[in-house]
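Trainee: Got a sequence here, can you build the structure:
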Amino acid sequence: MEKILLIVDDSKEIIEVVSNILEELFDKVVSANSVEEAKNRLQNNQFSFIVLDINLVGHNGAEVVKYLVDHPENLNNGCPVLILSGIINNQFIEKFGSRFAAVVMKPFNHQTLLETVRAILGGKITQVTSLELPEIPCILPFPIPQLEQKVKGVMEQVKKNAKLKQLFGELTVDRSGDNFMLTHIGMLINISTGICNKLEWTTDKTLEKFVYAAYLHDMAISDRSDLAKFKGNIYDLEMLKTKLSPQDYKLLFDHSNLAAKKIEMLPEIPPDVAMIVRQHHELPNEKGYPAKLSFNKITPLSSVFIVAHDLTHYILDNPQWTMKDYLLKVKTKFKGAHFARILSGLGDMR
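Mentor: Modelled structure (predicted):
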């Protein structure tokens, strides 16, 4: 029997990308740009697999799932359905969970999508379960009293909010035995909080902002530790163009904006978090990315996070690190009043 894939998405670009990724697994690829077009396709064809976007212009892609549920005589009942969307929640999973095989969140990693569909076709994935939050310890270097308890308090609040839990549930921080993202996030919480303590920014609201930023800043590449480990400036990134695929280069260049856009959609997340995330690869010498900002356009909270992010990478790359060596290395890298005060505070911390 011919293996046919149906892609339902209102973006022609997404349809083309998904088709290129998955075409090796199927004999034929068919697309639909709307719910009505998808229903027509389902009435007149028998598919082997369906990739479905939930957030379609003017409609909810869940109508396609409901159509199959309401029409058990349809030849496509039992066909595996993968949800490819940036909007999904536990209520949807509970209502329709038995009707689809997996969820891949936008923005998505191409290899992850391919491997997921291949696993479903091979019978290795059968049903989606509830979204779970990753548990991440706060890693030293700085002893901060009751930090882990405070972070757990923030995460308990996240678990009580369906939209926040959904967003955090997109994190895939521990794939293939690589613990880089786990360690990176935990150390980043510790260092950014430690800097804030030295600056006497010690309110729970400030801590909350850095917990959110640490967890979510790399959410668009959380399953790509190879990309997350990049630590250069815009010119170093340009030099990677020949080594990365165009898709991976674009993803790395724009991952901070992708994450910030999702954060901005949720008023439950504290103010400033989206800006911290958007600016976390900027540098005061206008050599950061994606916006190449000057020091006077980088916010004070972003400045703390940028230095904490840089120091986290330095510690992970240099097990025998010392603060003295680090400060010597970055004294010409971080210019401006905000950064000078942060580096001064770091000098007193170890």
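
Trainee: Let me know the pLDDT of the spatially most central residue of the chain.
Mentor: Central residue of the chain (Cα atoms, centre = their mean): residue 219, 1.7 Å from the mean position. Looking at residue 219, its pLDDT reads 87.

Trainee: can you tell me how far it sits from residue 251?
Mentor: 12 Å (Cβ to Cβ, to the nearest Å). C-beta coordinates here come from the backbone N, C-alpha and C atoms, glycine included.

Trainee: again, but for residue 281
Mentor: Counting by Cβ to Cβ, the gap from residue 281 to residue 251 is 13 Å.

Trainee: Counting neighbours, go ahead and name the busier of those two.
Mentor: More crowded of residue 281 and residue 251, by other Cβ atoms under 10 Å: residue 281, with 25 against 20.

Trainee: Next up, the contacts around that one.
Mentor: Residue 281 makes contacts with 256, 288, 289, 290, 306, 309, as judged by Cβ atoms under 8 Å, 6 or more residues apart in numbering.

Trainee: so the fourth one, which of the three states?
Mentor: Spelled out, that is residue 290. Secondary structure, DSSP: H, G, I helix; E, B strand; the rest coil: residue 290 is coil.

Trainee: can you check the first one too?
Mentor: With three-state DSSP as the basis, the three-state label of residue 256 is helix.

Trainee: Contact partners for it?
Mentor: 217, 277, 278, 279, 280, 281, 290.

Trainee: Neighbour-wise, which one of those residues leads?
Mentor: Within those, residue 277 tops the neighbour count with 31 neighbours, counted by other Cβ under 10 Å.

Trainee: Touching the helix or strand where that one lies from outside, list them.
Mentor: Element membership for residue 277, per DSSP states H and E: helix 273-278. The contact list for helix 273-278, computed with Cβ under 8 Å, 6+ apart, reads 209-210, 212-213, 216-217, 256-257, 259-261, 263-264, 299, 301-302, 305.

Trainee: What distance do you get for the most far-flung residue of the chain relative to its centre to residue 36?
Mentor: Distance from the centre of the chain peaks at residue 73, with 38.9 Å (Cα atoms, centre = their mean). From residue 73 across to residue 36, the span is 19 Å (Cβ to Cβ).

Trainee: Also residue 160?
Mentor: Remark: distance between residue 160 and residue 36 (Cβ to Cβ) = 38 Å.

Trainee: and if you look at residue 242?
Mentor: Between residue 242 and residue 36 the distance is 44 Å, computed by Cβ to Cβ.

Trainee: Same drill for those two, tell me which one is more crowded.
Mentor: When neighbours are counted by other Cβ under 10 Å, residue 242 and residue 36 differ, and residue 36 comes out ahead with 12 against 7.

Trainee: Please enumerate the strands of this structure.
Mentor: Applying DSSP state E to the chain gives strands spanning 4-8, 28-32, 49-52, 55-56, 59-60, 81-85, 102-105.

Trainee: Quick one: those as TSV, columns for mean pLDDT and distance to residue 68 too.
Mentor: Converted to TSV, the strands of the chain look like this (pLDDT from 0 to 100; distance: least, Cβ to Cβ, whole Å):
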stretch	mean pLDDT	distance to residue 68
strand 4-8	95	11
strand 28-32	95	14
strand 49-52	94	9
strand 55-56	82	16
strand 59-60	82	14
strand 81-85	84	8
strand 102-105	76	16
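
Trainee: To what extent is residue 23 buried, counted in neighbours?
Mentor: There are 12 residues near residue 23, going by other Cβ under 10 Å.

Trainee: and it, what does it touch?
Mentor: Taking Cβ under 8 Å, 6+ apart, we find residue 23 in contact with 5, 29.

Trainee: Next: residue 27.
Mentor: 2, 3, 4.

Trainee: for the helix holding residue 277, what is the average pLDDT?
Mentor: For helix 273-278, the per-residue pLDDT averages 97.

Trainee: Give the buried residues for stretch 204-218.
Mentor: 206-218 (16 or more other Cβ atoms under 10 Å).

Trainee: want to throw those residues into JSON lines with distance to residue 153?
Mentor: As requested, the buried residues of stretch 204-218 are exported to JSON lines (distance: Cβ to Cβ, whole Å):
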{"residue": "206", "distance to residue 153": "14"}
{"residue": "207", "distance to residue 153": "9"}
{"residue": "208", "distance to residue 153": "9"}
{"residue": "209", "distance to residue 153": "14"}
{"residue": "210", "distance to residue 153": "14"}
{"residue": "211", "distance to residue 153": "9"}
{"residue": "212", "distance to residue 153": "13"}
{"residue": "213", "distance to residue 153": "17"}
{"residue": "214", "distance to residue 153": "15"}
{"residue": "215", "distance to residue 153": "14"}
{"residue": "216", "distance to residue 153": "17"}
{"residue": "217", "distance to residue 153": "20"}
{"residue": "218", "distance to residue 153": "23"}
